[in-house]
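Novice: Let me see the structure of the following:
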Amino acid sequence: MKLIILFFMLSVISKQAGALSITRTTSFSNRTLLKANLNGIENAENDSLINKFKKFIAKNAKGDYDENEVRGRIQNEISKNKVMMYSWVNCPFCKKAKAELSGLMEPSQFKVVDIDQLPEGKGIRYELSQVTGRTSLP
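Specialist: Next up is the predicted model:
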């Protein structure tokens, strides 16, 4: 099973979802319920005016890049790595996610790509937004 790490700002989710609380659990029914709640929130956020505006900005900021090469690179990185994370170097949420991954797994078990360090980084961000419906990282 492949996993792409996508974290959401939980404080924003909590405000939109009312009293939603997120805890670690081993109960399948609780995980299923949490997943259903988060999917509903994610769908609402993907359709929000703010998210549409962020996608517009990402599209216009992407610059020139080889779309097929970038898409192929993303697909290749996801298929070759058990856990794949795209991030910004100075993003506090990205730093926290990297620290959590480092505490949970050996470095050989995951890969992090800091897209702001790559010439085609804005293109990668745009292509990821086409797949995930989100422009935020990680």
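Novice: And the strands in this protein, which stretches?
Specialist: 3-4, 83-87, 110-114 (DSSP state E).
Novice: Determine which stretch of these is the most buried.
Specialist: strand 83-87 (a mean of 20; mean count of other Cβ atoms under 10 Å). Where you see a C-beta, it was placed from the backbone N, CA and C, and this is true even at glycine.
Novice: separation between the nearest residue in space to Val112 that is not next to it in sequence and Leu104?
Specialist: Among residues not flanking Val112 along the chain, Met85 sits closest, at 4.8 Å (Cβ to Cβ, 6 or more residues apart in numbering). Distance, Met85 to Leu104, using Cβ to Cβ, to the nearest Å: 12 Å.
Novice: hang on, the earlier thing: distance of the residue nearest to Val112 from Leu137?
Specialist: 8 Å.
Novice: so what's Ile124 up against?
Specialist: Going by Cβ atoms under 8 Å, 6 or more residues apart in numbering, Ile124 touches Val70, Arg73, Ile74, Tyr86, Val113, Ile115, Leu118.
Novice: ok, and the most crowded of the residues you listed?
Specialist: Among the contacts of Ile124, the one with the most neighbours (other Cβ atoms under 10 Å) is Tyr86, at 23 neighbours.
Novice: Would you confirm that that one contacts Thr135?
Specialist: No. Taking contacts as Cβ atoms under 8 Å, Tyr86 lies outside contact range of Thr135: 11.1 Å.
Novice: shared neighbours of the two, which are they?
Specialist: Common contact partners of Tyr86 and Thr135 (Cβ under 8 Å, 6+ apart): Arg125, Leu128.
Novice: quick one, phi psi at Lys62?
Specialist: phi -60, psi -30 (degrees, to the nearest 10).
Novice: Just give the closest residue to it, not the sequence neighbours.
Specialist: Tyr126 (4.0 Å).
Novice: Now do that neighbour against Ile115, distance only.
Specialist: The value you get for Tyr126 to Ile115, if Cβ to Cβ is used, is 10 Å.
Novice: re earlier: sort out for me which of the contacts of Ile124 are in helices.
Specialist: Val70, Arg73, Ile74 (DSSP state H).
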